[in-house]
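>>> here's a sequence, model it:
(one chain, ligands or ions: 1)
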Amino acid sequence: MKRRALLTTALATPFIASAETTARVVVIGGGFGGATAARFLLQFDPRLDVTLIESSPTFTACPFSNAVLVGLRGMDAQRFGYKGVAASGVRVVHATASAIDRTVRTITLDNGTSLPWDRLILSPGIDIAWDALPGYNEAAAERMPHAWKAGPQTILLKQQLDTIADDGTVVMSVPANPYRCPPGPYERASLIAWYLKTHKPRARILVLDAKDVFSKQKLFQDAWAKLYPETLRWVGLSDGGKVTRADPAAMTVETDFSTYKADVINIIPPQRAGRIAVIAGTADKSGWCPIDPVSFESRLVPNIHVIGDAAIAGAMPKSAFAANAQAKACALGVARLLNGEAPGEPRLINTCYSLIAPEYGISVAGVYRPANGVLADIEGAGGTSPLDAPDEQRHQEATYAEAWFQTIGREVFG
Ligand SMILES: Cc1cc2nc3c(=O)[nH]c(=O)nc-3n(C[C@H](O)[C@H](O)[C@H](O)COP(=O)(O)OP(=O)(O)OC[C@H]3O[C@@H](n4cnc5c(N)ncnc54)[C@H](O)[C@@H]3O)c2cc1C
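Residues are numbered from 1 along each chain as shown. Below you'll find the predicted structure:
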């Protein structure tokens with residue numbers, strides 16, 4: 001009852017803290033990290049005045065978007081609204097944050113509104129580094145989709161795969177680390193291979209990779225040898241896999257050794273933290289944001305915290321699972337700091353599932369803690385699916401993957 005009274009007051013008088021409110025926290029980015037942080041802040045301290053700024057009225061999730069590409073799932077299953085977040089007491093504002101004043105602690109939105117904050121949490125995800133791969137820019141992405149932000153790009157790549165010739169070729173370019181979702185490109189390559197083998201058996205996919213070592217590599221490569229020996233070929237860095245130029249007019253990509261022409265080219269380009277993290281002054285020369293691993297406070301700007309893909313989170317990968325875990329730890333840290341307490345030292349978990357075929361799932365899990373100023377692996381905790389698992393276990397993991405998506409969707413968006 002008391003909480004409802006607080007909410008009503010807050011909604012009736014936007015951006016002015018009620019008498020019961022201890023502090024104002026603004027969260028920018030309503031994806032896996034930001035929406036979680038906003039909701040958990042209120043769970044940890046219901047007196048906080050929490051505002052979530054998100055550009056889009058609907059969030060489109062990347063996990064499982066590879067299944068959308070090959071027709072195993074509809075786009076609707078990827079979409080989440082913000083009613084649940086608002087119902088939990090968060091003031092949700094659909095606008096884009098465009099400027100941050102670190103001295104007087106305000107943010108400015110693209111609709112001209114200015115909001116004050118005592119602590120700011122940034123979870124803006126990634127931006128594509130459009131200047132990183134010669135020939136690849138926003139116009140090129142309309143012919144050679146990246147589909148690394150789910151939405152229109154996912155639909156475009158799906159349309160291209162739908163209409164590829166029966167003996168067509170797909171080329172995929174995978175960047176060097178770090179990037180969003182380390183196993184994501186290999187899940188995508190697997191599912192595209194499954195789609196081609198099933199619907200266009202003479203078509204082929206070539207994966208050109210800027211590295212030699214990747215997440216769950218042995219599991220992927222064993223499965224590829226078993227399921228897609230004719231359909232999928234992977235070329236690593238030492239064999240000339242790094243794409244150095246894209247030519248959308250010719251539909252070719254170049255490496256140091258060859259030029260490859262294809263009917264469908266999926267470029268997963270280099271990335272950096274979402275632009276607002278740069279505007280805030282929280283990104284370093286690498287393009288990502290160094291953070292304190294206990295509270296996720298920026299190492300560059302006090303009172304601003306960065307979570308999710310934008311953060312340099314040590315051994316933790318850039319995943320939705322990780323963003324969600326970091327958000328909870330950060331929310332607790334912020335709530336404690338605002339109450340004059342020290343943030344507790346978190347333990348964080350990540351699990352990433354990948355589908356190699358519709359009923360063939362694998363996973364990697366890790367547990368992390370702050371050590372020597374970074375988030376480090378706790379040795380002996382976590383691991384990957386067994387290499388020699390029976391089909392039944394692979395099937396079970398595909399089921400767990402779907403269950404994980406349902407669970408995290410409910411937890412983040414209500
Ligand atoms: C193909 C693919 C498959 C994946 N599969 C998995 C998987 O199976 N499991 C897994 O755990 N992870 C997976 N991921 C990774 C996962 O999607 C990301 O790690 C996760 O979304 C990161 O969360 P985030 O909060 O950092 O960013 P996001 O979830 O991208 O949220 C960022 C939000 O911030 C908003 N925003 C940005 N700037 C502003 C601004 N200035 N003002 C207002 N709003 C702003 C954006 O609109 C966006 O909604 C996958 C990714 C891809 C590409």
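>>> how many neighbours does residue 230 have?
Neighbourhood size, residue 230 [other CB atoms under 10 Å]: 11. Just so you know, the C-beta spots here come from the backbone N, C-alpha and C atoms, and that holds for glycine as well.
>>> who's in contact with it?
197, 204 (CB atoms under 8 Å, 6 or more residues apart in numbering).
>>> recalculate using a threshold of 10 Å.
193, 196, 197, 201, 202, 204 (CB atoms under 10 Å, 6 or more residues apart in numbering).
>>> how far away is it from the ligand?
Going from residue 230 to the ligand by CB to the nearest ligand atom, to the nearest Å gives 25 Å.
>>> do residue 322 as well
Distance from residue 322 to the ligand, counting by CB to the nearest ligand atom: 7 Å.
>>> again with residue 279
Per CB to the nearest ligand atom, residue 279 is found 8 Å from the ligand.
>>> what about that residue, how many neighbours?
So residue 279, with other CB under 10 Å, has 16 neighbours.
>>> ok, back up a step: between the contacts of residue 230, which sits nearest residue 290?
Comparing these against residue 290 with CB to CB places residue 193 closest, at 37.7 Å.
>>> would you point out the most distant pair within the contacts of residue 230?
Among the contacts of residue 230, 193 and 202 lie farthest apart (CB to CB), at 13.0 Å.
>>> of the two, who's got more company?
Higher neighbour count among residue 193 and residue 202: residue 193, with 27 against 12, using other CB under 10 Å.
>>> hang on, isn't that one packed against residue 231?
Yes - checked against CB atoms under 10 Å, the pair residue 193 and residue 231 is within contact range at 4.5 Å.
>>> what is in contact with those two at once?
Common contacts of residue 193 and residue 231 (CB under 10 Å, 6+ apart): 170, 203, 204, 205, 224.
>>> count of neighbours near the first one?
Other residues near residue 170 come to 26 when the count uses other CB under 10 Å.
>>> ok, the host helix or strand of it: who's next to it in the sheet?
Element membership for residue 170 (DSSP states H and E) is strand 169-174. Neighbouring strands of strand 169-174 in its sheet, by DSSP bridges, are strand 204-209 (parallel), strand 264-267 (parallel).
>>> between those strands, which one is nearest to residue 164?
Closest among the strands paired with strand 169-174, using CB to CB: strand 264-267, at 5.6 Å.
>>> following that closest one, which helix or strand comes up?
For strand 264-267, the following helix or strand on the C-terminal side (DSSP H and E) is strand 271-273.
>>> what is that next one packed up against?
Counting contacts by 3 or more CB pairs under 10 Å, 6 or more residues apart in numbering; DSSP states H and E, strand 271-273 is packed against strand 126-128.
>>> ok, and does the strand it packs on reach over to the ligand?
No - Strand 126-128 does not reach the ligand (CB under 6 Å from any ligand atom); its nearest approach is 6.7 Å.
>>> can you tell me, leaving aside adjacent residues, what's nearest to residue 236?
residue 212 (4.3 Å; CB to CB, 6 or more residues apart in numbering).
>>> that neighbour should be in a helix, yeah?
No - using DSSP: H, G, I helix; E, B strand; the rest coil, the assignment for residue 212 is coil, not a helix.
>>> tell me the confidence at it?
Looking at residue 212, its pLDDT is 98.
>>> let me see the contact set for it.
236, 237, 238, 239, 241.
>>> type out the ChimeraX command that picks the buried ones from those residues.
This is the ChimeraX syntax for the buried subset of these, where burial follows 16 or more other CB atoms under 10 Å:
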select :236,237,241
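>>> hey, where'd the helices end up in the chain?
2-12, 32-44, 65-69, 83-87, 152-162, 184-199, 217-227, 275-279, 320-338, 391-413 (DSSP state H).
>>> hey, least reliable of these by pLDDT?
Ranked by mean pLDDT, those bottom out at helix 2-12, with a mean of 32.
>>> count the residues that sit near residue 139.
Counted with other CB under 10 Å, the neighbours of residue 139 add up to 8.
>>> what's the closest non-adjacent residue to it?
Using CB to CB, 6+ apart, the nearest residue to residue 139 is residue 248, at 7.4 Å.
>>> ok, residue 397 next?
Excluding the flanking residues, the one nearest residue 397 by CB to CB, 6+ apart is residue 361, at 3.3 Å.
>>> can you pull the contacts of that neighbour?
187, 353-355, 385, 393-402.
>>> same check on residue 348?
Contacts for residue 348 were tallied using CB under 10 Å, 6+ apart; they are 293, 313, 315-316, 321-322, 324-326, 328-329, 366-370, 375, 378.
>>> give me the buried subset of those residues.
293, 313, 315-316, 321-322, 324-326, 328-329, 366-370, 375.
>>> so which residues on the protein come close to the ligand?
Proximity of the chain to the ligand (CB under 6 Å from any ligand atom) is limited to residues 28-34, 53-56, 59, 62-63, 65-66, 96-97, 123-125, 148, 180-181, 184, 188, 274, 276, 308-310, 318-321, 323, 352-353.
>>> for the ligand, what's its nearest residue on the stretch 51-200 of the chain.
residue 125 (2.7 Å; CB to the nearest ligand atom).
>>> mind listing what's buried along stretch 143-162?
143-151, 153-154, 156-158, 160-161.
>>> any idea how far apart the tips of that stretch sit?
With CA to CA, to the nearest Å applied, stretch 143-162 spans 15 Å between its terminal residues.
>>> what of stretch 146-164?
Using CA to CA, one end of stretch 146-164 lies 17 Å from the other.
>>> tally of neighbours for the residue nearest to residue 91 when sequence neighbours are not counted?
Once flanking residues are discounted, residue 91 sits nearest to residue 51: 4.5 Å by CB to CB, 6+ apart. Using other CB under 10 Å, residue 51 has 21 other residues around it.
>>> my read is that residue 51 contacts residue 85, right?
No - taking CB under 10 Å as the definition, residue 51 is not a contact partner of residue 85, at 11.0 Å.
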